[in-house]
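**Q** sequence-free structure coming up:
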């Protein structure tokens with residue numbers, strides 16, 4: 001007599017849920033895969049993230065402290081460890097900072113979707129802590145402590161999933177663990193035009209205006225190359241960027257999802273200057289039929305086909321980017337080629353690969 005297979009009881013863990021971004025899109029996809037799974041996190045701001053309001057969400061005591069979440073990171077490692085996961089078969093953490101820092105019961109499996117090992121510990125040359133908060137002489141001992149906590153938390157993971165081959169290599173260096181690559185989900189159909197779109201005369205930069213995204217480099221390079229730039233997004237760098245712009249640069253601030261899609265589709269090119277772990281913006285741009293000018297490092301090397309769906313500039317400098325923008329103006333790119341390339345990262349591929357990975361991990365337990 002065949003018994004009906006019982007679905008595993010799943011819990012989902014996130015670092016914090018306070019602002020939209022690439023990690024939020026992954027978290028949403030995980031929540032859609034497991035609609036009944038409760039969500040555990042350190043801090044949740046419902047007013048900024050209303051799409052989770054109907055979810056069962058459990059937060060730590062840090063949720064009551066009115067300080068920026070970046071300041072609270074050292075406390076988050078231990079705060080997450082107080083959650084009881086003894087009734088769950090599977091824990092899925094979405095982590096770029098502390099999400100994997102849980103107390104894992106012996107019988108429970110833990111899959112960590114790792115956006116990156118803690119960046120300002122393992123890759124400070126890309127994203128230094130001092131760019132976020134200036135701690136002076138306290139920075140070195142704090143980073144040492146965070147590294148210790150991060151290594152300890154890495155031991156709770158049964159299977160790592162990386163958002164790119166680039167990050168899989170960083171996971172191997174940091175934690176000595178192999179990682180399966182499952183690219184983040186992009187709903188490419190939302191961006192792909194249903195009919196031919198007339199291209200505008202501008203380049204577009206989109207996303208959070210924070211230092212490691214290198215928007216200052218984009219503004220200066222567009223000034224130098226004398227090309228029109230439209231910047232969509234907000235963040236702490238906004239006023240500084242406005243101070244260095246020329247008349248060819250326009251700041252739109254926050255734009256709706258609908259408006260952003262229109263900007264993607266009508267731009268002649270998207271500029272992406274960050275040394276990013278994966279980078280969803282270049283994929284969304286290509287899904288819109290728009291080529292990308294991106295810094296040739298990190299995830300961009302996996303998402304942009306140099307010379308076919310955009311151009312990769314070799315150095316994170318104004319002259320390198322400006323030179324590439326001039327080169328871009330002399331080339332033609334196929335919108336169709338961009339769209340086809342973006343479909344490699346479609347959400348349906350994420351769902352299929354992640355479900356298969358979960359089946360593999362849970363079957364390993366029975367062997």
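**A** Here it is on my side, so go on. What you are looking at is a predicted structure, and each value in this text was computed from that prediction instead of being measured. Numbering: from 1, shown residues only.
**Q** For the rest of this, base every contact and every neighbour count on C-alpha atoms.
**A** OK.
**Q** where in the stretch 1-150 of the chain is pLDDT low?
**A** 1-5 (pLDDT under 70).
**Q** what's the answer for the stretch 151-300 of the chain, then?
**A** For the stretch 151-300 of the chain (pLDDT under 70), the answer is none.
**Q** out of all of them, which helix in this protein is the longest?
**A** helix 347-366 (DSSP state H).
**Q** list the buried ones in it?
**A** For helix 347-366, a neighbour-count test (16 or more other C-alpha atoms under 10 Å) marks 347-351, 353-354, 357-358, 361-362 as buried.
**Q** Residue 345: what's it in contact with?
**A** Contacts for residue 345 (C-alpha atoms under 8 Å, 6 or more residues apart in numbering) come out as 183-186, 188, 283.
**Q** What residue spans form the domains of the chain?
**A** If you go by automatic domain parsing, the domain ranges for the chain are 10-185+346-366, 188-345.
**Q** Of those, which stretch is the most buried?
**A** Among the domains of the chain, domain 188-345 has the highest mean neighbour count (mean count of other C-alpha atoms under 10 Å), at a mean of 20.
**Q** Which other helices and strands does the longest helix of the chain contact?
**A** Counting by 3 or more C-alpha pairs under 8 Å, 6 or more residues apart in numbering; DSSP states H and E, the packing neighbours recorded for helix 347-366 are helix 22-33.
**Q** what residues does the helix it packs on touch?
**A** 12, 14, 17, 37, 94, 115, 184-185, 279-280, 347, 351.
**Q** so which two of the residues you listed are the farthest from each other?
**A** Using C-alpha to C-alpha, the contacts of helix 22-33 span at most 27.0 Å, a distance reached by 37 and 279.
**Q** any idea how far residue 294 lies from residue 129?
**A** Using C-alpha to C-alpha, to the nearest Å, residue 294 is found at 24 Å from residue 129.
**Q** let me fix that: residue 226
**A** 33 Å.
**Q** next one: residue 22
**A** Distance, residue 22 to residue 129, using C-alpha to C-alpha: 20 Å.
**Q** Residue 200: what's it in contact with?
**A** 266-268.
**Q** Inside strands: which ones of those residues?
**A** Using DSSP state E, no member of the contacts of residue 200 sits in strands.
**Q** got JSON lines for those, with distance to residue 249 too?
**A** As requested, the contacts of residue 200 are exported to JSON lines (distance: C-alpha to C-alpha, whole Å):
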{"residue": "266", "distance to residue 249": "16"}
{"residue": "267", "distance to residue 249": "14"}
{"residue": "268", "distance to residue 249": "15"}
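**Q** ok, residues contacting the helix or strand harbouring residue 146?
**A** Assessed by DSSP states H and E, residue 146 sits inside helix 139-154. If you take C-alpha under 8 Å, 6+ apart as the criterion, helix 139-154 is touched by 74, 77, 98, 100-102, 118, 120-121, 129-130, 174-175.
**Q** repeat for stretch 348-359
**A** Contacts for stretch 348-359 (C-alpha under 8 Å, 6+ apart): 29, 33, 182-185.
**Q** Redo those as JSON lines? Include distance to residue 50.
**A** Below are the contacts of stretch 348-359 laid out as JSON lines (distance: C-alpha to C-alpha, whole Å):
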{"residue": "29", "distance to residue 50": "16"}
{"residue": "33", "distance to residue 50": "19"}
{"residue": "182", "distance to residue 50": "27"}
{"residue": "183", "distance to residue 50": "25"}
{"residue": "184", "distance to residue 50": "21"}
{"residue": "185", "distance to residue 50": "20"}
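**Q** Go through the buried residues of helix 347-366 and say which is closest to residue 327.
**A** Nearest to residue 327 among the buried residues of helix 347-366: residue 347, at 32.7 Å, using C-alpha to C-alpha.
**Q** show me what contacts that closest one?
**A** Per C-alpha under 8 Å, 6+ apart, neighbours of residue 347: 29, 184-188.
**Q** What of residue 289?
**A** Contacts of residue 289 by C-alpha under 8 Å, 6+ apart are 192-193, 265, 334-339.
**Q** Report the separation between it and residue 349.
**A** 20 Å.
**Q** For the nearest residue to residue 84 once chain neighbours are set aside, what are phi and psi?
**A** The spatially closest residue to residue 84, leaving aside those adjacent along the chain, is residue 103, at 7.4 Å (C-alpha to C-alpha, 6 or more residues apart in numbering). Phi and psi for residue 103, reported as degrees, to the nearest 10, are phi -100, psi 110.
**Q** In this structure residue 103 contacts residue 81, no?
**A** Yes - contact criterion C-alpha atoms under 8 Å: residue 103 and residue 81 qualify, at 5.0 Å.
**Q** Present the contacts of residue 345 as a markdown table; the columns should include secondary structure.
**A** Output for the contacts of residue 345, formatted as a markdown table (DSSP: H, G, I helix; E, B strand; the rest coil):
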| residue | secondary structure |
| --- | --- |
| 183 | coil |
| 184 | coil |
| 185 | coil |
| 186 | strand |
| 188 | helix |
| 283 | helix |
